[in-house]
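Trainee: what follows is a predicted structure for the sequence shown.
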Protein chains: 2
Amino acid sequence: MGVPVPKGSTLDPARTRAAIIQAVTPVLYERGLDGVGVAELCAATGVSKETLYRHFGSKEGLIEAVLRERSERVTRWLRAAAEAAGPDPADQLAAVFDALASWHAEPGFRGCAIVNAATQHHGDPEMGVAASHLDRRLALLTEIAIRAGAADPETLARQWLILVSGCTTVADQHPGTPHAARLARQAALTLLQAARVPSAP
Amino acid sequence: MGVPVPKGSTLDPARTRAAIIQAVTPVLYERGLDGVGVAELCAATGVSKETLYRHFGSKEGLIEAVLRERSERVTRWLRAAAEAAGPDPADQLAAVFDALASWHAEPGFRGCAIVNAATQHHGDPEMGVAASHLDRRLALLTEIAIRAGAADPETLARQWLILVSGCTTVADQHPGTPHAARLARQAALTLLQAARVPSAP
DNA sequence: GTGTTATCGTACCGATCGGTTCGATCTCTG
DNA sequence: CAGAGATCGAACCGATCGGTACGATAACAC
């Protein structure tokens, strides 16, 4: 593909590994974990089967590596979106859902890759990656809920997490609900307002 | 299995068809659409390949029939749970999430079968079935929102739909959030309270 | 130069896939 | 009794699956 891996040991093996992950990620996302064979994944990367198996051991190992990398990248992206909104927690919360909205509008959007993978292979390692992925999202939301002065930030953050997951599924699967992230954003802000500690006036 | 289909034309072909759907549904749900082969589906039903293919034409045809039946059954079940809660819309809303909670607690719970199917086979017919499934859920929630006197019942119902989808995904994939349906129920009721038409006191 | 390492391309493996075919068997209809 | 359907069980089909093996090649370290 774009940068075919040279024949010799010109590049760091780590570089080859990263290139494989990068090339294979969109194919697995678009076609589904079981919808594409190893041969085709090799073709998409421009890498031979032997190289792929030396780096990842198995198709499952490759999938796990892809999902872990994706989880980290998405988490960084969402946190950056929140922090770019300034110090106000309500602004950060709104920014999270705005980021989701722009993601949902991307061509080829197909739901959350990690959640989808856990749905397709309901066992190890996909379920573990999905659980830690949701943990990371929950951690970000909890920080915001705490700084927002919520009476019960843990509960509020979990409700926001449900909105995040729900609007991503609905955006993917229910054309009858356009702008799901916008609806979720409004709901999240309403919940925040209702959860503020009633401070003495 | 339990009631093996007799050799001759003893039973209505429709009866055989229904028996196949019933026997195959849990297997497809537990193992995933691509995780089980046609031979195994036949074994689970006690039916030969020829019979299965005469009734459904292909594995995809069988899957579609299974999903349609499941969607209708789930929809009836959820509506019955709402109506059993009495006339008060808030009670009905709470009952919907209570029903989800008991579903999530069932052993072998693995998320919504229809949503999962659409995730696994992101095309026809699964996406169409999923879209109409969410339509049905939205219709029920919209009725409740209207009777509850919401200022914007369409929007409120769509937010509830997001909570329904989200808590089902989280209940399946995030062990760190137990009782997701209870959290969603509380959020739904908060949104309802905030959305009531401010009537003159 | 020599050896090591990483790679490619291809051929190959056994297993399984979805799907078809066929003769035998059974029951209901007329 | 005779025919029509519906079914079973097993054999069979080509294709594809994940994974392995091998000889050739090219870049590095020494």
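Mentor: Yep, it's here.

Trainee: now the helices for chain A?
Mentor: A:13-31, A:38-45, A:49-56, A:59-83, A:89-104, A:113-120, A:126-147, A:153-173, A:180-195 (DSSP state H).

Trainee: contact partners of the last one?
Mentor: To tie it back to what came earlier, the one meant is helix A:180-195. By C-beta atoms under 8 Å, 6 or more residues apart in numbering or on different chains, the list of residues contacting helix A:180-195 from outside reads A:89-90, A:93-94, A:97-98, A:100-101, A:104, A:145, A:148, A:150-152, A:155-156, A:159-160, A:163-164, A:166-168, A:170-171, A:174, A:177, B:155, B:158-159, B:162-163, B:187, B:190-191, B:193-194. Bear in mind the C-beta positions are built from the backbone N, C-alpha and C, glycine included.

Trainee: of those, grab the buried ones for PyMOL.
Mentor: Selecting only the buried entries of these in PyMOL, with 16 or more other C-beta atoms under 10 Å in any protein chain shown as the criterion:
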select buried, (chain A and resi 89+90+93+94+97+98+100+101+104+145+148+150+155+156+159+160+163+164+166+167+168+170+171+174+177) or (chain B and resi 155+158+159+162+163+187+190+191)
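
Trainee: sorry, back to before: and of the helices of chain A, who's closest to B:A19?
Mentor: Checking the helices of chain A against B:A19 by C-beta to C-beta gives helix A:113-120 as the closest, at 27.6 Å.

Trainee: how distant is the closest one from the center of its chain?
Mentor: A distance of 10 Å separates the C-alpha centroid of helix A:113-120 from that of its chain, computed with C-alpha atoms, centre = their mean, to the nearest Å.

Trainee: buried set for the worst-scoring helix or strand of chain A on mean pLDDT?
Mentor: Least confident element among the helices and strands of chain A, by mean pLDDT, DSSP states H and E: helix A:13-31 (a mean of 93). Neighbour counts over helix A:13-31 (16+ other C-beta under 10 Å) mark A:16-17, A:19-21, A:23-25, A:27-29 as buried.

Trainee: looking at those, spot the one nearest B:E126.
Mentor: Of all the buried residues of helix A:13-31, the one sitting nearest B:E126 is A:Y29; the distance, using C-beta to C-beta, is 16.9 Å.

Trainee: now do the same contact list for the closest one.
Mentor: Residues touching A:Y29, when contacts are defined by C-beta under 8 Å, 6+ apart, comprise A:110, A:113, A:116.

Trainee: burial measure for the last one, as a count.
Mentor: Other residues near A:N116 number 26, with proximity taken as other C-beta atoms under 10 Å in any protein chain shown.

Trainee: follow-up on the earlier one: let me have the contacts of A:Y29 in JSON lines, extended by distance to DNA strand C.
Mentor: Shown next, in JSON lines, are the contacts of A:Y29 (distance: C-beta to the nearest atom of the strand, whole Å):
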{"residue": "A:R110", "distance to DNA strand C": "22"}
{"residue": "A:A113", "distance to DNA strand C": "23"}
{"residue": "A:N116", "distance to DNA strand C": "19"}
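
Trainee: what is the mean pLDDT for stretch A:167-185?
Mentor: Stretch A:167-185 carries an average pLDDT of 97.

Trainee: quick one on the thing from earlier: can you narrow the contacts of A:Y29 down to the ones near chain B?
Mentor: A:110, A:116 (C-beta under 8 Å from any C-beta of the partner chain).

Trainee: out of the contacts of A:Y29, flag the one nearest to chain B.
Mentor: Each of the contacts of A:Y29 was scored against chain B by C-beta to the nearest C-beta, and A:N116 proved nearest at 5.0 Å.

Trainee: got the contact list for the closest residue to chain B within chain A?
Mentor: Using C-beta to the nearest C-beta, the single residue of chain A nearest to chain B is A:G166, 2.5 Å away. By C-beta under 8 Å, 6+ apart, the contact list for A:G166 reads A:180, A:184, B:161-167, B:169.

Trainee: sorry, back to before: report the two of the buried residues of helix A:13-31 separated the most.
Mentor: Of all pairs drawn from these, the widest gap by C-beta to C-beta lies between A:T16 and A:Y29 and measures 20.9 Å.

Trainee: from A:V27, how far out is the spatially closest residue to A:A23 that is not a sequence neighbour?
Mentor: Using C-beta to C-beta, 6 or more residues apart in numbering or on different chains and skipping the chain neighbours, the partner closest in space to A:A23 is A:T45 (4.1 Å). As judged by C-beta to C-beta, to the nearest Å, A:T45 and A:V27 stand 9 Å apart.

Trainee: quick check: A:A171 vs A:A184, distance?
Mentor: 9 Å.

Trainee: which neighbours do these two share?
Mentor: Counting by C-beta under 8 Å, 6+ apart, the residues touching both A:A171 and A:A184 are A:L100.

Trainee: hmm, back to that, now the residue nearest to A:A23: how far from A:A19?
Mentor: Taking C-beta to C-beta as the criterion, A:T45 is separated from A:A19 by 7 Å.

Trainee: burial of the residue nearest to A:A23, as a residue count?
Mentor: 21.

Trainee: quick check: it touching A:V24?
Mentor: Yes. Taking C-beta atoms under 8 Å as the definition, A:T45 is a contact partner of A:V24 at 6.0 Å.

Trainee: reformat the contacts of A:G166 as JSON lines; add distance to DNA strand C.
Mentor: Rendered in JSON lines, the data for the contacts of A:G166 read as follows (distance: C-beta to the nearest atom of the strand, whole Å):
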{"residue": "A:A180", "distance to DNA strand C": "32"}
{"residue": "A:A184", "distance to DNA strand C": "36"}
{"residue": "B:L161", "distance to DNA strand C": "32"}
{"residue": "B:I162", "distance to DNA strand C": "33"}
{"residue": "B:L163", "distance to DNA strand C": "35"}
{"residue": "B:V164", "distance to DNA strand C": "31"}
{"residue": "B:S165", "distance to DNA strand C": "28"}
{"residue": "B:G166", "distance to DNA strand C": "31"}
{"residue": "B:C167", "distance to DNA strand C": "31"}
{"residue": "B:T169", "distance to DNA strand C": "26"}
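
Trainee: those: which two are farthest apart?
Mentor: Maximum pairwise distance in these, criterion C-beta to C-beta, is 15.0 Å, between A:A180 and B:C167.

Trainee: mind saving the C-alpha coords of stretch A:171-181 as CSV?
Mentor: Extracted C-alpha coordinates of stretch A:171-181, given in CSV (Å, rounded to 0.1, in the frame of the first residue of the first chain):
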residue,chain,number,x,y,z
ALA,A,171,-26.6,6.9,15.5
ASP,A,172,-25.4,3.7,13.8
GLN,A,173,-28.6,1.7,13.7
HIS,A,174,-31.5,4.0,13.8
PRO,A,175,-31.8,6.3,10.8
GLY,A,176,-35.1,7.5,12.4
THR,A,177,-33.1,9.3,15.1
PRO,A,178,-30.8,11.7,13.4
HIS,A,179,-28.5,13.8,15.6
ALA,A,180,-28.5,11.2,18.4
ALA,A,181,-25.4,12.8,19.9
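
Trainee: fine by me, thanks again.
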